[in-house]
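[1] just a sequence and a predicted model for now, questions to come.
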Amino acid sequence: MNDYFVLDWDATPNIVGHVEDRNERSLANKFTRGRLLGTELAPAGLAVRVESGPDGAYPDYFTLQQIPIASQRFVDALRPVANNFEAFPVDIVMPGRTIKGHQVLNIVGRVTCLDRERTVSTLIDPKMNVILRMKKLAIDASKASGLSLFRLHEFPVLVLASETVRDALNGLRGVSLLPAQGWSDSVWF
């Protein structure tokens with residue numbers, strides 16, 4: 001079957017913070033391009049700086065600045081069903097505590113598969129054709145070429161996952177996989 005799901009974080013617990021690379025000021029754009037970073041462009045000294053977060057265990061998956069952060073358990077579950085991502089070690093740092101064992105994910109691949117006729121969205125500027133809000137997503141799954149994981153080219157903050165990925169990640173803390181068809185970014189507000 002060609003159903004896709006929006007890979008997202010269920011936002012529990014609430015985590016406020018940002019991702020830092022000691023060599024760069026802004027990482028968000030680097031991780032939404034869908035391009036292989038490889039060893040030359042690989043981030044160095046990654047840290048998730050948490051201002052507010054859980055006292056106990058962190059979820060297996062969460063995002064900050066549209067950057068996916070995943071536990072080793074998540075990466076181990078994903079690797080057999082998706083081969084188009086890079087995982088870079090990251091420390092989660094908060095006052096008095098550092099947690100190791102998480103990774104920042106770079107999803108390699110942006111696929112143009114938005115069904116513009118059926119999608120309801122708000123554009124930043126109609127001339128630029130850049131989406132500001134996604135009110136009702138519609139995709140043409142046949143254009144995804146059977147990929148199991150990718151960013152939606154027309155709205156790259158979204159990561160889409162196949163049923164196989166959904167099944168592999170089932171039960172992991174923090175993972176939300178809602179059907180892509182009809183999805184709205186209102187879940188973020």
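    Received, thanks. Every value quoted in this text rests on a predicted model; they were computed, and no experiment measured them.
[2] tell me which residues of stretch 10-21 come out buried.
    Using 16 or more other Cβ atoms under 10 Å as the test for burial, stretch 10-21 gives 13, 15, 17, 19-21. Every C-beta, even on glycine, is put in place using the N, C-alpha and C of the backbone.
[3] lowest-confidence helix or strand of this protein?
    helix 38-41 (a mean of 78; mean pLDDT, DSSP states H and E).
[4] next structured bit after that helix?
    Once helix 38-41 ends, the next helix or strand along the chain (criterion: DSSP states H and E) is strand 47-52.
[5] which parts of that next one are buried?
    Quick answer for strand 47-52 (16+ other Cβ under 10 Å): 47-48, 50.
[6] and the least confident helix or strand of the chain, what other elements does it pack with?
    Applying 3 or more Cβ pairs under 8 Å, 6 or more residues apart in numbering; DSSP states H and E, one finds that helix 38-41 contacts no other helix or strand.
[7] burial measure for residue 41, as a count.
    12 (other Cβ atoms under 10 Å).
[8] equivalent analysis for residue 88, please.
    Applying other Cβ under 10 Å, we find 15 residues neighbouring residue 88.
[9] look up how far residue 149 lies from it.
    Distance of residue 88 to residue 149, computed by Cβ to Cβ, to the nearest Å: 16 Å.
[10] with residue 116 instead?
    Counting by Cβ to Cβ, the gap from residue 116 to residue 149 is 23 Å.
[11] higher neighbour count, these two?
    Ranked by neighbour count (other Cβ under 10 Å), residue 116 and residue 149 place residue 149 first, with 23 against 10.
[12] list the contacts of the more buried one.
    7, 78, 82, 84-85, 107, 109, 159-162, 165 (Cβ atoms under 8 Å, 6 or more residues apart in numbering).
[13] tell me the buried residues within those.
    7, 78, 82, 85, 107, 109, 159-162, 165.
[14] please name the nearest non-neighbouring residue to residue 149.
    Of all residues not flanking residue 149 in the chain, residue 82 sits nearest, at 4.1 Å (Cβ to Cβ, 6 or more residues apart in numbering).
[15] then the one you found would be within a helix, right?
    No: membership of residue 82 in a helix is not supported by DSSP: H, G, I helix; E, B strand; the rest coil, which gives coil.
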